[in-house]
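J.: Test case, fold it:
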Amino acid sequence: MIYSAGQMKQELIRDYQEINQHLFEIGTKQQRVEFVSDKILIMTVHRRAPAIRSLDMKRRDVTRVMDILLVDEFKEHFKNKLETKYGFKVVTILKDYDPLTELSATVVVIDREVEDYLG
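T.: All right, here's what the predicted structure looks like:
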């Protein structure tokens, strides 16, 4: 399928949400997608899983490890979606999450300009 920049951003938001719902059974509050050269930037406000939030104050060392494992799982699923649905050749996905603000930043680096993949 051929996408305009706006359509692709909307599809990426839906895909991101779908993976988040599948893995965590919890959605995001806000998302913004931007294309910068060969990068896709996604800023998201996530809802913190209540079970993890309840442990944050007592065992942040454990929840930090859980955050890292969950981010890695998300990146694997998201990379697969980007490569199969859009044909992107993903170089790497960088992602971090701040549980205090519930902000997440994801940077997807692909092999060439995002515009090369648009219709």
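J.: Output the lowest mean pLDDT helix or strand found in the chain.
T.: Confidence across the helices and strands of the chain bottoms out at helix 50-56, with a mean of 89, counting by mean pLDDT, DSSP states H and E.
J.: Which SSE is immediately downstream of it?
T.: helix 60-85 (DSSP states H and E).
J.: Show me what that next one is packed up against.
T.: The helices and strands touching helix 60-85, judged by 3 or more C-beta pairs under 8 Å, 6 or more residues apart in numbering; DSSP states H and E, are helix 5-24, helix 50-56, strand 90-98, strand 103-110. All C-beta atoms are positioned from the backbone trio N, CA, C, and that covers glycine.
J.: most tightly surrounded among the ones you listed?
T.: Ranked by mean neighbour count, the helices and strands packed on helix 60-85 are led by strand 103-110 with a mean of 18 (mean count of other C-beta atoms under 10 Å).
J.: what mean pLDDT does that one have?
T.: For strand 103-110, the mean pLDDT works out to 98.
J.: And for it, what's in contact with it?
T.: 16, 38-46, 78, 82, 88-98, 117 (C-beta atoms under 8 Å, 6 or more residues apart in numbering).
J.: Now the closest residue in space to residue 114 that isn't next to it in sequence: which helix or strand?
T.: Leaving aside its sequence neighbours, residue 114 sits nearest to residue 35 (C-beta to C-beta, 6 or more residues apart in numbering; 4.1 Å). Using DSSP H and E, residue 35 sits in strand 28-36.
J.: which other helices and strands contact that strand?
T.: Against strand 28-36 (3+ C-beta pairs under 8 Å, 6+ apart) you get helix 5-24, strand 39-46.
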